[in-house]
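S.K.: turn this into a model:
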Amino acid sequence: MKKPSATIQDNFYRNLYENYEEMSGFLRSTLDSLDRDTEEMRYLYDFIHYKDLDGEYRYFRENAHEDMSKDQPFPSLVL
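M.R.: Here you go, the predicted structure:
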């Protein structure tokens, strides 16, 4: 069995390392977003509880549906 040349192996590992670096950056960015979103959810939950809106939130959560408004390019939850 013939051994691959050093340059082919070098290129393979360089490419592998570049892909690793790219995915590592993407993962870091995704985890940062998750941390921010988790903190935001905590504030929203505590605000709902502070304003004593737990029942209204539960009602909205159970009865809301997606609606496509002509004013917006994406659907939003409505009652």
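S.K.: what helices or strands is the top helix by length along the chain leaning on?
M.R.: Looking across the chain with DSSP state H, the single longest helix is helix 6-50. On a contact count with 3 or more CB pairs under 8 Å, 6 or more residues apart in numbering; DSSP states H and E, helix 6-50 meets no helix or strand. Where C-beta positions appear, they are placed from N, C-alpha and C, glycine not excepted.
S.K.: show the average pLDDT along that helix.
M.R.: For helix 6-50, mean pLDDT is 95.
S.K.: right, and the helix or strand after that helix?
M.R.: helix 54-63 (DSSP states H and E).
S.K.: report the buried residues of that next one.
M.R.: Within helix 54-63, no residue is scored as buried using 16 or more other CB atoms under 10 Å.
S.K.: what about it, distance to the chain center?
M.R.: With CA atoms, centre = their mean, to the nearest Å as the basis, helix 54-63 stands 24 Å off its chain's centre.
S.K.: okay, angle between that helix and helix 6-50 too, please.
M.R.: Relative orientation of helix 54-63 versus helix 6-50 (axes from the mean of the first three to the mean of the last three CA atoms, to 10 degrees): 130 degrees.
S.K.: other residues contacting helix 54-63?
M.R.: 48, 77, 79 (CB atoms under 8 Å, 6 or more residues apart in numbering).
S.K.: who wins on neighbours among these?
M.R.: Within the contacts of helix 54-63, most neighbours by other CB atoms under 10 Å means residue 48, with 15 neighbours.
S.K.: without its sequence neighbours, what residue ends up closest to it?
M.R.: residue 57 (5.1 Å; CB to CB, 6 or more residues apart in numbering).
S.K.: retrieve the pLDDT associated with that neighbour.
M.R.: On the pLDDT scale, residue 57 gets 95.
S.K.: tell me how far it lies from residue 46.
M.R.: 12 Å (CB to CB, to the nearest Å).
S.K.: residue 31 too?
M.R.: The value you get for residue 31 to residue 46, if CB to CB is used, is 23 Å.
S.K.: likewise residue 11?
M.R.: 53 Å.
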